[in-house]
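Asks: have a look; sequence and predicted model below, questions after that.
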Amino acid sequence: MVIPVGGNSESYGRQVVKQFHEAGFMVDLDNQGATLNKKIRSAQLAQYNYIFVVGDKERESGAVNVRSRGGKQLGSRQTEEVLRSLIHLRDTRSNQNEF
């Protein structure tokens with residue numbers, strides 16, 4: 001799940017969704033009018049494996065802020081690095097929670 005913070009980062013969120021979708025991952029964009037905490041909680045309850053929060057800082061640096069399903073914050077990472085890690089986890093059929 002990609003969660004943009006504010007209206008300015010929604011276009012970057014769409015870019016991230018497109019990038020992950022082209023790599024073969026199922027990804028959604030939460031652009032509803034709820035608060036950030038409600039969006040994150042909703043994504044956790046929906047059992048998304050990873051939640052990517054994107055804002056102005058992430059847009060400027062080409063990164064995403066990664067959270068796991070369990071609520072653990074994995075920090076801000078470059079989008080390409082996250083994509084490579086997820087592809088590796090998928091291809092090795094790993095059940096790791098973090099990358």
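Replies: Yep, it's here.
Asks: what about the helices in the protein?
Replies: Here the chain has its helices, by DSSP state H, at 10-22, 36-45, 56-61, 79-91.
Asks: can you list contacts of the third one?
Replies: Right, the one you point to is helix 56-61. Helix 56-61 is contacted by residues 5, 6, 8, 9, 12, 63, 64, 65, 76, 78 when judged by Cβ atoms under 8 Å, 6 or more residues apart in numbering. C-beta: built from backbone N, CA, C; applies to glycine.
Asks: for those residues, which entry has the maximal number of neighbours?
Replies: With neighbours taken as other Cβ atoms under 10 Å, the top of the contacts of helix 56-61 is residue 64, carrying 30 neighbours.
Asks: any idea how far that one lies from residue 1?
Replies: Residue 64 sits at a distance of 11 Å from residue 1 (criterion: Cβ to Cβ, to the nearest Å).
Asks: who touches both of these two?
Replies: Where contact means Cβ under 8 Å, 6+ apart, the residues bridging residue 64 and residue 1 through contact with each are residue 52.
Asks: bridging residues for the closest residue to residue 73 other than its chain neighbours?
Replies: For residue 73, the nearest residue in space outside its immediate sequence neighbours is residue 67; the separation is 5.4 Å by Cβ to Cβ, 6 or more residues apart in numbering. For residue 67, the residues forming beta bridges with it (DSSP bridges) are residue 51, residue 73.
Asks: pLDDT score assigned to residue 67?
Replies: Per-residue pLDDT puts residue 67 at 91.
Asks: next, count neighbours for it.
Replies: Counted with other Cβ under 10 Å, residues neighbouring residue 67 total 21.
Asks: go on, residue 14?
Replies: Neighbours around residue 14, by other Cβ under 10 Å: 15.
Asks: tell me who's in contact with it.
Replies: Contact criterion Cβ under 8 Å, 6+ apart gives residue 29 as the residues in contact with residue 14.
Asks: please report how far it lies from residue 21.
Replies: Residue 14 is 10 Å from residue 21, where distance means Cβ to Cβ.
Asks: near the residue lying closest to residue 6 once chain neighbours are set aside, how many other residues are there?
Replies: The shortest distance from residue 6 to any residue other than its chain neighbours is 6.7 Å, reached at residue 55 (Cβ to Cβ, 6+ apart). Counted with other Cβ under 10 Å, the neighbours of residue 55 add up to 20.
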